[in-house]
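> Sequence below, structure please.
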Amino acid sequence: MTSRHLHWVWLPIIAAQGIWVKLLTPRLPEAAPPIEGVIEGREPVLDLVVIGESPVAGIGAPTHALALTGQTAQAWARRTGRSVRWLALGRSGATVRTTIAELVPQLAGRRADAVVIGLGVNDALDRHSASRWCTDLNELILAVRDQVGHRPIVLAGVPPLDQFPAFPEPLRSFLGGYSKTLDRATAEFSRTLDRVVYAPMSEGIRPDHFCADRFHPGVAGYALWGEHLSQFLPD
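From the prediction side, this is the model:
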């Protein structure tokens, strides 16, 4: 069952489930600072910037070193043998547009050898269209490159909301349809751009990869995701 095939009679149930999940889901803090660090290795150092929503803010992990950015940096360092200096610019609840307005300005004066963009959950929850999503993503990429130059960018796949344990059916399938639509649009859009690659979500996501709120990854989930994302970063 997808969002397109849900009969209208389900809509009141979906709306009620959305309110119920929002009320019952615990609000967890973002990862403790610092938001940047260094993985030791051989020189020259590689600079990694990860920008986006709550996984980049580290919800579900005690520190950023154990959240998405730190885990991606560690995996990149293992693969290349190089030192990796990482920076996590995340905000819980961020959409593409709020990322442009609130997070991209924090890149001023920073350098990057690669940038990972991790967004999509909140745009899917807000039921944004694929056309708006791609327009906003293009604006975000231009804004990031205005700050750090024409660097390689990895677009992380939109997380599959139909695999989130926090959501009951039929809400799970309804939201999953939106996330899949944005994910497909991301894959197609990335092929039109120079030095932009799409990294589909890693396979093998299990309930134990989520933290206590059953909505965000836990440390194990971040390790799996970070290892996967590192494969799309330049050598």
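> need the contact list for Val96.
The contact partners of Val96, taken as Cβ atoms under 8 Å, 6 or more residues apart in numbering, are Leu119, Asp123, Trp133, Asp136, Leu137, Glu139, Leu140. Bear in mind the C-beta positions are built from the backbone N, C-alpha and C, glycine included.
> Do a quick rundown of the helices in this structure.
Per DSSP state H, the chain carries helices over the ranges 11-24, 54-57, 68-80, 96-98, 121-125, 130-148, 171-190, 219-230.
> which stretch among the ones you listed comes nearest Ala156?
Ala156 sits nearest to helix 219-230 of all these, at 6.2 Å, using Cβ to Cβ.
> ok and that closest one relative to helix 68-80, angle-wise?
With axes from the mean of the first three to the mean of the last three Cα atoms, to 10 degrees as the basis, helix 219-230 and helix 68-80 are set at 50 degrees to each other.
> And the average pLDDT for helix 219-230 is what?
The average pLDDT within helix 219-230 is 97.
> for that helix, packing partners?
Applying 3 or more Cβ pairs under 8 Å, 6 or more residues apart in numbering; DSSP states H and E, one finds that helix 219-230 contacts helix 68-80.
> For Val96, see how far away Val148 is.
Distance of Val148 to Val96, given as Cβ to Cβ, to the nearest Å: 17 Å.
> just to revisit the earlier point, show me the one in the contacts of Val96 that has more neighbours than the rest.
Counting neighbours by other Cβ atoms under 10 Å, the top entry in those is Leu119, with 28 neighbours.
> Now that one. Nearest residue, chain neighbours left out?
Excluding the flanking residues, the one nearest Leu119 by Cβ to Cβ, 6 or more residues apart in numbering is Gly52, at 4.6 Å.
> Report pLDDT for the residue positioned nearest the centre of the chain.
The centre of the chain sits closest to Gly118, judged by Cα atoms, centre = their mean, with a distance of 2.6 Å. Predicted confidence (pLDDT) at Gly118: the value is 98.
> From what I see, it and Ile51 are in contact.
Yes. When contacts are counted by Cβ atoms under 8 Å, Gly118 is listed as touching Ile51 (7.3 Å).
> Can you work out which residues contact both of these two?
Residues touching both Gly118 and Ile51 comprise Gly90, with contact defined as Cβ under 8 Å, 6+ apart.
> For the chain, name the helix or strand with the lowest mean pLDDT.
Lowest by mean pLDDT, DSSP states H and E among the helices and strands of the chain is helix 11-24, with a mean of 70.
> quick one: Pro50 and Arg184, what's the gap?
Residue 50: Val, not Pro. Relative to Arg184, Val50 is positioned 23 Å away (Cβ to Cβ).
> Those two: who's more crowded?
Val50 (30 against 13).
> Bridge partners for that one, pull those for me.
On the basis of DSSP bridges, Val50 is bridged to Ala88, Val116.
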